[in-house]
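> output the structure for:
(chains A and B)
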Number of protein chains: 2
Amino acid sequence: MKTIQLNKRPVGTPQLSDFKLVNEEQPQIAVGEVLLKAAYLSVDPYLRGRMSEGKSYIEPFELNQAMSSGMVAEVVGSKHEGFSKGEFVTGMLEWKEYQNHNGEDLMKLDPNMAPLSAYLGVLGMTGLTAYLGLTEIGKPKEGETVVVSGAAGAVGSVVGQIAKLLGCRVVGIAGTDEKVEQLKAEYGFDEAINYKTTTDMNQAIAEACPNGVDVYFDNVGGEVSDGVMLNVNRFARIIVCGAISLYNATSMPMGPRIQPILIKNSVLMQGFIVFNFQDKYTEAISHLAKWLKVGELISTETIVEGFEKTPQAFIDLFEGKNKGKMIVKI
Amino acid sequence: MKTIQLNKRPVGTPQLSDFKLVNEEQPQIAVGEVLLKAAYLSVDPYLRGRMSEGKSYIEPFELNQAMSSGMVAEVVGSKHEGFSKGEFVTGMLEWKEYQNHNGEDLMKLDPNMAPLSAYLGVLGMTGLTAYLGLTEIGKPKEGETVVVSGAAGAVGSVVGQIAKLLGCRVVGIAGTDEKVEQLKAEYGFDEAINYKTTTDMNQAIAEACPNGVDVYFDNVGGEVSDGVMLNVNRFARIIVCGAISLYNATSMPMGPRIQPILIKNSVLMQGFIVFNFQDKYTEAISHLAKWLKVGELISTETIVEGFEKTPQAFIDLFEGKNKGKMIVKI
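Numbering: from 1, shown residues only, chains lettered A, B, ... in the order given. Prediction:
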């Protein structure tokens, strides 16, 4: 059976040669363990950080060891009293077709409530990140203007839809005309901007946000965000969720200093990871599941088929080839 | 009688020629007004922003009109039933030796509770900015490490002392060896760093803060802050109070992008002006006055004598010639 390991630490943008596909023997399970068969695998920009050395909020991956991420798996064997064959679970799992597991931190899934892949997207870390970042840090009020970067991505598309459900004016930033169209037509964004064809982000944001920007959910960082920051209102809240434009940088990325803007407008800017809000997961999922069920929240997925396509699917994230959540079906 | 007006808008560092001393006739008071004689005048870095054109949180000064700032004045004439001759008041007043005033937003002072100049310092905007920025945004906990830049300045010296009173380890950053010595000997800072003689701020902070930085009260911005940001702990709080190192910039100041640090460590960064916390003034002043009275809080002032010295006193702020609060005695 196959496993995908970290072959070398990337310099800049990850390459296929940074990964390797290795054949291993099928694992055996001991008493108290389950045997899991991978069903769906999530690739996410934050994994780029774990491929480098150095302390971050989670440990770096080790060389010549399997990588891991959020996955959905089927229990295909069980010597654990809490799990039965045929059940589906989600958790942080290794990039292996089969793996044994002691059951800790696995969550059982109800395949009738939503498609299994949704538990890696809108009902998983993605949806939680969108909902909790927006509501706990952004605290948007009805009628306020919310700007989302990486708006057609997994988190961004959910953020925008939730902000609309909360009664805000929502402006999205994405990287193709097709995505811009999708933001408006499918997700109901009020305005959308293609940053790749826009020469002056400052002006584009000013035009799309005649009342200024009250909340900015930032997934990308870099020059796109520089333009947004020039349009923030007094008491604006900036949710610093991701900085995909900077993750592959090989030297310290430089940009305009933002302290004067923060002072001038009494702006709050806060970085976070979803685990900070663990005590709110249940509440968040109940909102998301309700919206999903009644069709008020659309879950978009780009599903790539085949375990061995995982490295390419991950690399494609950095070129924005995904619409919504990028998932590998195994 | 003399008044000081804005003669031209500064380019970069303010020059004496940006101001002009003008003679005007002594004002007369109408019914409902008081005649005020200037006693003490506060010069503050934020006034630099008002000398330029462009929207900020307060209106820019107008050319050929008197500048204004926090002042203490004596009531030398009154046709206002709320004020009597001989009383002292503080408020935002014009840079004039004498002025008439309708009494709105003037606060009466008790010259027996503290020296009059303290109402421009530790019991005025300076002390409120220090106390409210630190406690409302920084929320320092006992045993945490608090770093203060501009530590020997008006706000910084008060911030450090309050952080010590709250049980924190306090590290100050200042620009001369004499100030560094003063921070430790007079104000009780645990460590202090002279940024002008330090070649590697990152390393200097790391050495002074073996447990990392939990709270950073930033008065200066720029490269000093870059070094501090490399040492922040998870859930650190950055109070963005001032950016004196950037105020005279004639082009957009550039620096390392900080979003990756904010994400990695779930850092909160917030700009503010003291007026945001107006509903906490009374509470704050009661703490400050108590500490001042029992000698737990030292109020340091650099007092320049002579109304016409005001522009030079203001310019000297940007070279750090003040220790503590810079005040002009008239």
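> contact residues of the stretch 101-250 of chain A facing chain B?
The stretch 101-250 of chain A comes close to chain B at residues A:218, A:221, A:222, A:225, A:234, A:240, A:241, A:242, A:243, A:246, A:247, as judged by Cβ under 8 Å from any Cβ of the partner chain. Placement of C-beta: from N, CA and C, glycine included.
> now render these as TSV, adding neighbour count.
Shown next, in TSV, are these (neighbours: other Cβ atoms under 10 Å in any protein chain shown):
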residue	neighbour count
A:218	28
A:221	27
A:222	19
A:225	27
A:234	13
A:240	27
A:241	32
A:242	27
A:243	27
A:246	18
A:247	25
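> keep only those of those residues that are in helices.
Per DSSP state H, helices hold the following members of these: A:222, A:225.
> correct me, but residue A:254 touches residue B:254?
Yes - using Cβ atoms under 8 Å, residue A:254 makes contact with residue B:254 at a distance of 5.2 Å.
> ok, residue A:29 to chain B distance?
36 Å (Cβ to the nearest Cβ, to the nearest Å).
> oh, that last question was meant for residue A:202, not what I typed.
Taken as Cβ to the nearest Cβ, the span from residue A:202 to chain B is 12 Å.
> double-check that that residue belongs to a helix.
Yes - assigned with DSSP: H, G, I helix; E, B strand; the rest coil, residue A:202 falls within a helix.
> hey, which strand is longest across chain A?
For chain A, the longest strand by residue count, based on DSSP state E, is strand A:68-78.
> in its sheet, what does that one sit against?
strand A:34-42 (antiparallel), strand A:88-94 (antiparallel) (DSSP bridges).
> buried ones in stretch A:13-31, by neighbour count?
Using 16 or more other Cβ atoms under 10 Å in any protein chain shown as the burial criterion, the residues of stretch A:13-31 that qualify are A:14, A:18, A:19, A:27, A:29.
> show me what the third one is bridged to.
Listed by DSSP bridges, the beta-bridge partners for residue A:19 are residue A:6.
> which residues in the stretch 101-250 of chain A form strands?
A:107-108, A:145-149, A:169-174, A:191-194, A:213-218, A:232-240 (DSSP state E, counting those that start in this stretch).
> so which elements touch the first one?
By that I understand strand A:107-108. Here strand A:107-108 touches strand A:88-94, going by 3 or more Cβ pairs under 8 Å, 6 or more residues apart in numbering or on different chains; DSSP states H and E.
> chain center to the strand it packs on: distance?
Put simply, strand A:88-94 sits 16 Å off its chain's centre (Cα atoms, centre = their mean, to the nearest Å).
> next: stretch A:79-95.
On the basis of Cα atoms, centre = their mean, stretch A:79-95 sits 23 Å off its chain's mean C-alpha point.
> same check, this time on stretch A:249-264
With Cα atoms, centre = their mean, you get 24 Å for stretch A:249-264.
> now do the end-to-end distance for it.
Length of stretch A:249-264, first residue to last, Cα to Cα, to the nearest Å: 30 Å.
> need the contact partners of that stretch.
Here stretch A:249-264 makes contact (Cβ atoms under 8 Å, 6 or more residues apart in numbering or on different chains) with A:11-12, A:221-223, A:226, A:229-230, A:232, A:246, A:267, A:269, B:49, B:56-57, B:218, B:221-222, B:225, B:240-243, B:246-247, B:252-258, B:269-273.
> now with 7 Å, please.
A:11-12, A:222, A:226, A:229, A:232, A:246, A:267, A:269, B:56-57, B:221, B:240, B:242-243, B:246, B:252-257, B:269-271 (Cβ atoms under 7 Å, 6 or more residues apart in numbering or on different chains).
> do the same with stretch A:272-286
Taking Cβ under 7 Å, 6+ apart as the rule, stretch A:272-286 contacts A:57, A:123, A:125, A:128, A:129, A:131, A:132, A:133, A:136, A:137, A:241, B:266.
> out of those residues, who's the most crowded?
residue A:241 (32 neighbours; other Cβ atoms under 10 Å in any protein chain shown).
> show me what contacts that one?
A:129, A:133, A:155, A:217, A:218, A:219, A:272.
> got a pLDDT number for it?
Looking at residue A:241, its pLDDT reads 96.
> swap in residue A:56?
Per-residue pLDDT puts residue A:56 at 64.
> cool, residue A:324 as well?
Residue A:324 is given a pLDDT of 83.
> about what we covered before: compare the mean pLDDT across the strands of the stretch 101-250 of chain A and name the weakest.
When I compare the strands of the stretch 101-250 of chain A, strand A:107-108 is least confident, with a mean of 90.
> mind listing residues that contact that strand?
Here strand A:107-108 has contacts from A:87, A:89, A:90, A:91, using Cβ under 7 Å, 6+ apart.
> give me the beta-bridge partners of the residue nearest to the first one when sequence neighbours are not counted?
It stands for residue A:87. Sequence neighbours aside, residue A:75 is the residue nearest to residue A:87 in space, at 4.6 Å (criterion: Cβ to Cβ, 6 or more residues apart in numbering or on different chains). Assessed by DSSP bridges, residue A:75 has beta-bridge partners residue A:36.
> surely residue A:75 touches residue A:37?
No - in this structure, residue A:75 is not within contact of residue A:37 by Cβ atoms under 7 Å, at 8.1 Å.
> for the two, indicate the residue with more neighbours.
residue A:75 (21 against 15).
> run through the residues that contact the more buried one.
A:34, A:36, A:83, A:84, A:85, A:86, A:87, A:89.
> 6 Å - rerun?
A:34, A:83, A:85, A:87 (Cβ atoms under 6 Å, 6 or more residues apart in numbering or on different chains).
> model confidence for it, exactly?
Value for residue A:75, per-residue pLDDT: 97.
> pLDDT weak spots in the stretch 101-250 of chain A?
Within the stretch 101-250 of chain A, no stretch falls below the threshold (pLDDT under 70).
> one more time with 80
The stretch 101-250 of chain A contains residues with pLDDT under 80 at A:112-113, A:247-250.
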